[in-house]
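# Pasting the sequence and the predicted coordinates here, then a few questions.
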4 protein chains.
Amino acid sequence: MSKTIIYPVRVEFGDCDPAGIVFFPNFFRWYDAASRNFFHQCGVPPWRETEKTRGIIGTPVVDISSRFVRPATYGDQVEVHSTIIEWNDKTFVMRHELKRDGELLCEGRDTRVFAIRHPDDPSRIKAIAIPQDIREMCS
Amino acid sequence: MSKTIIYPVRVEFGDCDPAGIVFFPNFFRWYDAASRNFFHQCGVPPWRETEKTRGIIGTPVVDISSRFVRPATYGDQVEVHSTIIEWNDKTFVMRHELKRDGELLCEGRDTRVFAIRHPDDPSRIKAIAIPQDIREMCS
Amino acid sequence: MSKTIIYPVRVEFGDCDPAGIVFFPNFFRWYDAASRNFFHQCGVPPWRETEKTRGIIGTPVVDISSRFVRPATYGDQVEVHSTIIEWNDKTFVMRHELKRDGELLCEGRDTRVFAIRHPDDPSRIKAIAIPQDIREMCS
Amino acid sequence: MSKTIIYPVRVEFGDCDPAGIVFFPNFFRWYDAASRNFFHQCGVPPWRETEKTRGIIGTPVVDISSRFVRPATYGDQVEVHSTIIEWNDKTFVMRHELKRDGELLCEGRDTRVFAIRHPDDPSRIKAIAIPQDIREMCS
């Protein structure tokens, strides 16, 4: 069984568009915050620290998808339920279920890698093998 | 053959995260702007006008995915190439290719509907059949 | 004595820029959320309801300033302490103090109006006299 | 006479709030992009390069204000006219006038410093004396 970590979000006026509903890129902002929160809750230090200690600058997304079932609006209190559902050699997959009072509003899946600066060109990034210690902390 | 419309984007400092690369939800912001620009270039009025004339408040996304091939950073000049690749009864699918000097950085696909306010509850929205006139303008 | 309402904020990775600190427009996003939260805590309904019942679409900012004393970064838990420090005929002034563990990081002041749609042109907005009932709820 | 550099902005659907007008923190996003564009047009390299060559990580804002005269909405083409109006020992002041068809919509002033990482603590930043070469490039 894998861990599920819950990240609460207040939907704000400025998160909504002229139709009065959440502008959808904000859902990805919340998935990402829930993803970082997942690692934090599992004991993984901030990326600015892992960059110093072992070169890891974060977990960039290589692939993501989301379906949107019901809209949300400002004043809503929602929760993102996040789990890592797959570990591969170099990638892992997180699922995020965003709920309001238990009702699913949208669901996302992101495939991520652990990245370091590219040794030949610091403006590029490079995926590394999944760090086993972090995998154990998160399982 | 379907139309392809190009939407230019300057990547800004504030679009980038502590790793120095674009924070990925911004790519969805640009896909969305490219989508609205697509309709604009095809002659479809702003949604605030279509809402008055025929109730259409916009084209909310019901499903979206993106893969990220290479990172972008501030100072980059990129282009989103957008096409409608599929028309269904109630949904349509757009493809967005984001390129820098012709090189693909990321690619997204969004499935959208044309929405009106729900007749029974204006806080909800309702998908309608694809408007044939708009489909013709965009093909 | 005027009310002070506290609005908590988690600073996220995506709120920070390539220098690793909060991209400053996000502070204004949080001041605005704290402002709406202030009205909510005082019992003022969402603007989508006040628009229906009395035409008020919100409290747009006409003037704002902020000074930034210390940077914040992701992982920080901060609080916005908001108070209405001045009521005029058509405007009011809010002060927002953003603190981390009691230490002031930045401080903003916004002058706002209560707005309705302009009677002659719904694409414009119009300030009204401060509603006395709302003023009493917030004092 | 000081230089004025013009930065064009397309206002997008996602930049607007439920009142249908630009959510004001976005104006600060555009002022900031206009500020970075100003330096770019004057020949100042990206901060990621100045950080390597001379430690300068950017020009964080220490104080900012803006007044909002008229709202903008999506579809609008606007321009930010930016000038450095004051140089002090450690700070400088930029003025940004945001116009639509020549009409002023809002005006901002930001006081900024040139910053390096703090020598004792890289998570903090430190203002340095205004670099004379950059000042000359921008005047």
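The structure has been received and is ready for your questions. Numbering: from 1, shown residues only, chains lettered A, B, ... in the order given.
# Remind me which helix or strand the spatially most central residue of chain A belongs to.
Nearest to the geometric centre of chain A sits A:Ser35, at 2.7 Å (Cα atoms, centre = their mean). Using DSSP states H and E, A:Ser35 sits in helix A:25-41.
# does that helix come close to chain D?
Yes. Using Cβ under 8 Å from any Cβ of the partner chain, helix A:25-41 reaches chain D at A:Pro25. For every residue, glycine as well, the C-beta is placed using N, CA and C.
# quick one, helices of chain A?
For chain A, the helices defined by DSSP state H occupy A:25-41, A:47-54, A:132-137.
# These: which one's closest to chain C?
Closest approach to chain C among the helices of chain A is made by helix A:25-41 (4.3 Å; Cβ to the nearest Cβ).
# residues in chain A within reach of chain C, list them.
A:10, A:12-14, A:20, A:29, A:32-33, A:36, A:40, A:46-48, A:58, A:73-75.
# Going by neighbour count, list what's buried in the least confident helix or strand in chain A by mean pLDDT.
Sorted by mean pLDDT, DSSP states H and E, the helices and strands of chain A end with strand A:121-128, the least confident at a mean of 85. Applying a neighbour-count criterion of 16 or more other Cβ atoms under 10 Å in any protein chain shown, one finds A:125, A:127 buried in strand A:121-128.
# That one packs against which elements?
Counting contacts by 3 or more Cβ pairs under 8 Å, 6 or more residues apart in numbering or on different chains; DSSP states H and E, strand A:121-128 packs against strand A:114-118.
# Contacts for the strand it packs on, please.
The contact list for strand A:114-118 (Cβ atoms under 8 Å, 6 or more residues apart in numbering or on different chains) reads A:55-60, A:124-128, A:130-131, A:134, B:19.
# Phi first, then psi, for the residue nearest to A:Pro71 when sequence neighbours are not counted.
Excluding its sequence neighbours, the residue lying closest to A:Pro71 (Cβ to Cβ, 6 or more residues apart in numbering or on different chains) is A:Ile21, at 3.8 Å. Backbone torsions for A:Ile21, taken as degrees, to the nearest 10, come to phi -120, psi 160.
# which residues touch A:Ile21?
A:71-73, B:60, B:125.
# pretty sure A:Trp47 is in contact with B:Gly20, am I right?
No. Contact criterion Cβ atoms under 8 Å: A:Trp47 and B:Gly20 do not qualify, at 11.9 Å.
# measure the residue nearest to A:Pro71 to A:Thr73 for me?
Per Cβ to Cβ, to the nearest Å, A:Ile21 is found 6 Å from A:Thr73.
# Give the pairing partners of the least confident helix or strand of chain A; include direction for each.
Strands adjacent to strand A:121-128 in the sheet, as given by DSSP bridges, are strand A:114-118 (antiparallel).
# what angle do the strand it pairs with and helix A:47-54 make?
70 degrees (axes from the mean of the first three to the mean of the last three Cα atoms, to 10 degrees).
# Show me what counts as buried in strand A:114-118.
A:114-117.
# can you list those residues in TSV and add pLDDT and distance to D:Ser139?
TSV is the format used below for the buried residues of strand A:114-118 (pLDDT from 0 to 100; distance: Cβ to Cβ, whole Å):
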residue	pLDDT	distance to D:Ser139
A:Phe114	97	46
A:Ala115	95	41
A:Ile116	95	41
A:Arg117	91	36
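# Including distance to B:Ile6, could the residues you listed go into JSON lines?
Below are the buried residues of strand A:114-118 laid out as JSON lines (distance: Cβ to Cβ, whole Å):
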{"residue": "A:Phe114", "distance to B:Ile6": "34"}
{"residue": "A:Ala115", "distance to B:Ile6": "30"}
{"residue": "A:Ile116", "distance to B:Ile6": "34"}
{"residue": "A:Arg117", "distance to B:Ile6": "32"}
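# What is the nearest of those residues to A:Trp87?
Distance to A:Trp87, by Cβ to Cβ, is smallest for A:Phe114 among these, at 11.3 Å.
# can you pull up the bridge partners for that closest one?
Beta-bridge partners for A:Phe114, by DSSP bridges, are A:Ile128.
# what sits against A:Cys138?
Counting by Cβ under 8 Å, 6+ apart, A:Cys138 has contacts A:3, A:38-39, A:42, A:44, A:84.
# Select only the buried ones of the residues you listed in PyMOL?
Applying 16+ other Cβ under 10 Å to those, the buried members can be selected in PyMOL as follows:
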select buried, chain A and resi 38+39+44+84
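# Closest one to A:Leu105 out of the contacts of A:Cys138, please.
Closest to A:Leu105, out of all of those and judged by Cβ to Cβ, is A:Phe38, at 19.0 Å.
# so A:Ile130 makes contact with A:Glu86?
No. Look at A:Ile130 against A:Glu86 with Cβ under 8 Å: they stay out of range, at 10.9 Å.
# Of those two, which one has the most company?
A:Ile130 (17 against 13; other Cβ atoms under 10 Å in any protein chain shown).
# What parts of chain A come near chain D?
A:13-14, A:16-20, A:23, A:25, A:48, A:74, A:123.
# for chain B, what are the nearby residues on chain A?
So chain A meets chain B at A:17-21, A:23-26, A:28-29, A:32, A:47-48, A:57-58, A:60-68, A:71, A:73, A:115, A:123-125 (Cβ under 8 Å from any Cβ).
# Run through chain A and note the low-pLDDT ranges.
For chain A, applying pLDDT under 70 flags the ranges A:1.
# what about A:Phe23, how many residues close to it?
As a burial measure, A:Phe23 scores 24 neighbours (other Cβ under 10 Å).
# picking that back up, want to throw the helices of chain A into a markdown table with distance to D:Thr91?
Output for the helices of chain A, formatted as a markdown table (distance: least, Cβ to Cβ, whole Å):
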| stretch | distance to D:Thr91 |
| --- | --- |
| helix A:25-41 | 32 |
| helix A:47-54 | 27 |
| helix A:132-137 | 43 |
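# among the ones you listed, which is the most enclosed?
Across the helices of chain A, averaging neighbours per residue (mean count of other Cβ atoms under 10 Å in any protein chain shown) puts helix A:25-41 on top, at a mean of 22.
# which residues touch that helix?
Against helix A:25-41 from outside (Cβ under 8 Å, 6+ apart): A:3, A:5, A:7, A:9, A:15, A:46, A:59, A:61, A:64, A:66, A:68, A:78, A:80, A:82, A:84, A:94, A:96, A:98, A:106, A:108, A:110, A:112, A:134, A:138, B:23-26, B:28-29, B:32, C:10, C:12-14, C:74-75, D:14.
# Could you check the angle it makes with helix B:25-41?
Interaxial angle of helix A:25-41 relative to helix B:25-41 (the same axes, to 10 degrees): 170 degrees.
# mind exporting helix A:25-41 as PDB, just the C-alpha atoms?
Taking C-alpha atoms only, helix A:25-41 is exported to PDB below (Å, rounded to 0.1, in the frame of the first residue of the first chain):
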ATOM      1  CA  PRO A  25      -3.700  26.000 -15.000                       C
ATOM      2  CA  ASN A  26      -4.200  26.700 -11.300                       C
ATOM      3  CA  PHE A  27      -5.100  23.000 -10.800                       C
ATOM      4  CA  PHE A  28      -1.700  22.100 -12.000                       C
ATOM      5  CA  ARG A  29      -0.200  24.700  -9.600                       C
ATOM      6  CA  TRP A  30      -2.000  22.900  -6.800                       C
ATOM      7  CA  TYR A  31      -1.000  19.400  -8.000                       C
ATOM      8  CA  ASP A  32       2.600  20.600  -8.000                       C
ATOM      9  CA  ALA A  33       2.300  22.100  -4.500                       C
ATOM     10  CA  ALA A  34       0.700  18.800  -3.400                       C
ATOM     11  CA  SER A  35       3.600  16.900  -5.000                       C
ATOM     12  CA  ARG A  36       6.200  18.900  -3.100                       C
ATOM     13  CA  ASN A  37       4.100  18.700   0.100                       C
ATOM     14  CA  PHE A  38       4.100  14.900  -0.400                       C
ATOM     15  CA  PHE A  39       7.900  14.700  -0.300                       C
ATOM     16  CA  HIS A  40       8.000  17.200   2.600                       C
ATOM     17  CA  GLN A  41       5.600  15.100   4.600                       C
END
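# Perfect, that will be all.
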